[in-house]
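Asker: build the 3D model from these lines:
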Amino acid sequence: MADSTGQNEDIGILRRLRSGDGDAFAWFIKKYAQQVFLCCRTVGLDADEAEDVASETFFAAYKGIGKYAGRSKLGTWLWKITYNKAIGYIRQKSCRQKHLRQLQNEYTEPEFSVLPVQETEIVWDAVKKLPPDMAMAIVLYYRQDKSIKEIADIMKKRQNTVKIYLFRGREKLKEILNDKIEGF
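Answerer: Numbering: from 1, shown residues only. All right, here's what the predicted structure looks like:
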């Protein structure tokens, strides 16, 4: 019964979204804002850039909700839009801006501290150092509990490519984490 009620609620929200109901759209943004920002940050955008891309993402979702066919979960559909918007944003930036941002981050990040830190924070900080595709695959798989197929749909990659990203990402994480442990 709970599944059919939830399914009916989703259908009702979709109808309201498609009719242009502002309250339904506010609910939609509230429900998915954290996931959208996580996707943006995982790809490598800073907070301001993530905010810009999130706005573009929700605007695109609002305009495209009529085209949502329901072949995937609503959250998966939104992840795909977010990922595409974030990658597009990165591509639009010039190489000079990228290098400048990297230099600024290098000099503004606090030094690694030996103070007690939760293990999960260390791991997710290490994930941020992975190439964007590997980081995205790992976040979607381990944090968002997406299947390989859903990740492939979101990233517009083949399932085997996603598996490779996950494998290589885990290997790189081991290297990064071993370097941190040796630094103690």
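
Asker: the nearest residue to K129 once chain neighbours are set aside - how many residues pack around it?
Answerer: Sequence neighbours aside, I176 is the residue nearest to K129 in space, at 5.8 Å (criterion: Cβ to Cβ, 6 or more residues apart in numbering). C-betas here are computed from N, CA, C, even on glycine. Residues within reach of I176, counting by other Cβ atoms under 10 Å, total 18.

Asker: who's in contact with I176?
Answerer: 126, 129-130 (Cβ atoms under 8 Å, 6 or more residues apart in numbering).

Asker: now, among the residues you listed, which is nearest to I13?
Answerer: L130 (34.5 Å; Cβ to Cβ).

Asker: stretch 56-73: how far from the chain's middle?
Answerer: 16 Å (Cα atoms, centre = their mean, to the nearest Å).

Asker: apologies, that question was intended for stretch 146-156.
Answerer: With Cα atoms, centre = their mean, you get 12 Å for stretch 146-156.

Asker: also stretch 51-69?
Answerer: So, by Cα atoms, centre = their mean, the centroid of stretch 51-69 is 15 Å from its chain's centroid.

Asker: in it, which residues are buried?
Answerer: Judged by neighbour count (16 or more other Cβ atoms under 10 Å), stretch 51-69 contains these buried residues: 53-54, 56-58, 61, 65, 68.

Asker: mind listing which of those are in helices?
Answerer: Those of the buried residues of stretch 51-69 mapping onto helices are 53-54, 56-58, 61, per DSSP state H.

Asker: measure Q35 to R41 for me?
Answerer: For Q35, the distance to R41 equals 11 Å [Cβ to Cβ, to the nearest Å].

Asker: what about the host helix or strand of R15, average pLDDT?
Answerer: Taking DSSP states H and E as the criterion, R15 maps to helix 2-18. On average, the pLDDT along helix 2-18 is 65.

Asker: any figure for the gap between R16 and W27?
Answerer: From R16 to W27 the distance is 9 Å (Cβ to Cβ).

Asker: to clarify, my last question referred to N160.
Answerer: Using Cβ to Cβ, N160 is found at 37 Å from W27.

Asker: more neighbours: which of those two?
Answerer: More crowded of N160 and W27, by other Cβ under 10 Å: W27, with 14 against 10.
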